[in-house]
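**Student:** Model the structure of this input:
(2 chains)
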Number of protein chains: 2
Amino acid sequence: MRDLYHDELDDIGHSLVAMTHLAGTAMERATNALLDADLNGAERVVSDDTAIDALRADLEHRTFQLLSLQQPVATDLRVLITTLHLVADLERMGDLALHVAKVARMRYPDVAVPPELRDVISQMGEVALSLVDKVAEVIKGRDVELAKAIEAEDDSMDALHRKLFTLLLSDNWAYGTEAAIDMALLGRYYERYADHAVGVARRIVFIATGEMQSGSASRPVS
Amino acid sequence: MRDLYHDELDDIGHSLVAMTHLAGTAMERATNALLDADLNGAERVVSDDTAIDALRADLEHRTFQLLSLQQPVATDLRVLITTLHLVADLERMGDLALHVAKVARMRYPDVAVPPELRDVISQMGEVALSLVDKVAEVIKGRDVELAKAIEAEDDSMDALHRKLFTLLLSDNWAYGTEAAIDMALLGRYYERYADHAVGVARRIVFIATGEMQSGSASRPVS
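**Tutor:** Residues are numbered from 1 along each chain as shown, chains lettered A, B, ... in the order given. Predicted coordinates:
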């Protein structure tokens, strides 16, 4: 028989996976809303963000309760402390999806993304989704190898981010200052989303191996 | 006589204040480097960021050790958990100062900031410093009233951020796409720096009162 304590630890793990899926769905819907000027889709991302925030508050509360009542040590303590870091990253990923959705909403009924940038933004959206799917798998299985694949995929995001800036700064840019700023900020939202995914993966590698990876997922833009 | 445990808790508090001052000095130097095209100043912010990162790692380690060995409950547990959140915010504030310094470095020997934007960027730098000084005082004293003043000052930062965008998007903008993107991203770095300062203040109010303030310091740009 499992005890209540370990049942609650398992439940927290399931909620973390659910929160990861919510952050992924938010970015998927935000990217679609952005590329299709879909106001309803954008509004849905905005309203659904409260669920992600509520899940963070709930998970922080439950984690604090377990720390307080059970006073875990060793791996259990490490898992609970890591949970606090993960929910912060996942909430922030939801916020970044929200920012993408708000760009879509602000430019509606226009499509915020100029035709020449559709491909690169669409690819950034795809990499973001692939990353968040892998993050969910890593949380489920604490899979160190998959965590390394996440680092490689973050490099793809950085390459797309550089490509976006090359397009924005080309002599052929014909969409004016406002669109350039929109696109530069969008690029940053996707890049930061990927950085937080990497942050989650590194934290889980830390639980699995006890070693924090060096290097920073946070890179300057342009 | 104080015991070793409470001495260590005090030491962690002192290190948090020291980390806050480092994050403040970094933004002060980055803003000066940005406005004066001071390459040495920018390089110093870049190289000093490793000290902020190291302090975060050290504080996380010491906090984990105390949680593991002392198994605190109630307020002590809350203080230690909050410490983990604070060092994450403070490290990120250091990163944002680093991003500002990198814009200065990238545009050297030119001054990155066009003359018309000097005032607003300079004021954003001043608000950032005022915020971080208040954050240090809040950490020292857990002063709930001062934490509220931080919220008000964050509103000033948001107003400056909106003013910056108005200038960027005016018909008179004469500095091209690259400078517009630089300034939009700089605006975001200062605004996020302020958001993290608010985050720290809210966490400390939470320790002092047991109530987490509602509302989000994270606002969409433009």
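
**Student:** The residue sitting nearest the centre point of chain A: which element?
**Tutor:** Centroid check for chain A by Cα atoms, centre = their mean gives residue A:93 as the closest residue, at 3.5 Å. Following DSSP states H and E, the helix or strand that holds residue A:93 is helix A:74-107.

**Student:** list the helices and strands the following helix or strand past that helix packs on?
**Tutor:** Next helix or strand after helix A:74-107 toward the C-terminus (DSSP H and E): helix A:118-141. Applying 3 or more Cβ pairs under 8 Å, 6 or more residues apart in numbering or on different chains; DSSP states H and E, we find helix A:118-141 packed against helix A:4-36, helix A:144-168, helix A:176-209. Every C-beta, even on glycine, is put in place using the N, C-alpha and C of the backbone.

**Student:** got the angle between the last one and helix A:118-141?
**Tutor:** Between helix A:176-209 and helix A:118-141, the angle formed by their directions is 20 degrees, by axes from the mean of the first three to the mean of the last three Cα atoms, to 10 degrees.

**Student:** Repeat that for the shortest one.
**Tutor:** Counting by the same axes, to 10 degrees, helix A:144-168 lies at 160 degrees to helix A:118-141.

**Student:** Could you do the first one as well?
**Tutor:** Between the direction of helix A:4-36 and that of helix A:118-141, the angle (the same axes, to 10 degrees) works out to 170 degrees.

**Student:** Show me what counts as buried in helix A:4-36.
**Tutor:** Neighbour counts over helix A:4-36 (16 or more other Cβ atoms under 10 Å in any protein chain shown) mark A:8-9, A:12, A:15-16, A:19-20, A:22-35 as buried.

**Student:** next one: the second one
**Tutor:** Burial within helix A:144-168, assessed by neighbour count using 16+ other Cβ under 10 Å, is assigned to A:146-147, A:149-151, A:153-154, A:156-158, A:160-165, A:167-168.

**Student:** Ok, the last one next?
**Tutor:** Judged by neighbour count using 16+ other Cβ under 10 Å, the buried positions of helix A:176-209 are A:177-206, A:208.

**Student:** What does the pLDDT read for the closest residue to residue A:151 other than its chain neighbours?
**Tutor:** Nearest non-adjacent residue to residue A:151, counting by Cβ to Cβ, 6 or more residues apart in numbering or on different chains: residue A:198, 6.1 Å away. If you check residue A:198, the pLDDT there is 96.

**Student:** separation between residue A:198 and residue A:27?
**Tutor:** Using Cβ to Cβ, to the nearest Å, residue A:198 is found at 15 Å from residue A:27.

**Student:** do residue A:149 as well
**Tutor:** 19 Å.

**Student:** Report the contact partners of the residue nearest to the centre of chain A.
**Tutor:** Residues near residue A:93 by Cβ atoms under 8 Å, 6 or more residues apart in numbering or on different chains: A:23, A:26-27, A:132, A:193, A:196-197.

**Student:** how about a cut-off of 10 Å?
**Tutor:** Residue A:93 sits next to A:19-20, A:22-24, A:26-27, A:52, A:128, A:131-132, A:135, A:189, A:192-197, A:199-200 when contact means Cβ atoms under 10 Å, 6 or more residues apart in numbering or on different chains.

**Student:** Can you tell me the closest non-neighbouring residue to it?
**Tutor:** Using Cβ to Cβ, 6+ apart, the closest residue to residue A:93 is residue A:23 (4.1 Å).

**Student:** for residue A:71, same thing?
**Tutor:** Using Cβ to Cβ, 6+ apart, the nearest residue to residue A:71 is residue B:71, at 4.0 Å.

**Student:** surely the residue nearest to residue A:151 meets residue A:132?
**Tutor:** No - contact between residue A:198 and residue A:132 fails when scored by Cβ atoms under 10 Å: they sit 11.4 Å apart.

**Student:** any residues in contact with both of the two?
**Tutor:** Contacts common to residue A:198 and residue A:132, judged by Cβ under 10 Å, 6+ apart, are residue A:150.

**Student:** Give me the mean pLDDT for stretch A:117-130.
**Tutor:** 98.

**Student:** Also stretch A:42-50?
**Tutor:** 98.

**Student:** Next one: it, is it in contact with chain B?
**Tutor:** Yes - part of stretch A:42-50 sits near chain B under the criterion Cβ under 10 Å from any Cβ of the partner chain, namely A:46, A:49.

**Student:** can you give me how far that stretch is from the chain middle?
**Tutor:** 15 Å (Cα atoms, centre = their mean, to the nearest Å).

**Student:** got it, and stretch A:185-195?
**Tutor:** That offset, for stretch A:185-195, works out to 9 Å (Cα atoms, centre = their mean).

**Student:** got it, and stretch A:8-17?
**Tutor:** That offset, for stretch A:8-17, works out to 18 Å (Cα atoms, centre = their mean).

**Student:** average pLDDT across it?
**Tutor:** 94.

**Student:** Also stretch A:58-67?
**Tutor:** Averaging pLDDT along stretch A:58-67 yields 95.

**Student:** Quick check: buried residues in it?
**Tutor:** Buried, per 16+ other Cβ under 10 Å, within stretch A:58-67: A:59-60, A:62-63, A:66-67.

**Student:** returning to that earlier point: distance-wise, check the residue nearest to residue A:151 relative to chain B.
**Tutor:** For residue A:198, the distance to chain B equals 14 Å [Cβ to the nearest Cβ, to the nearest Å].
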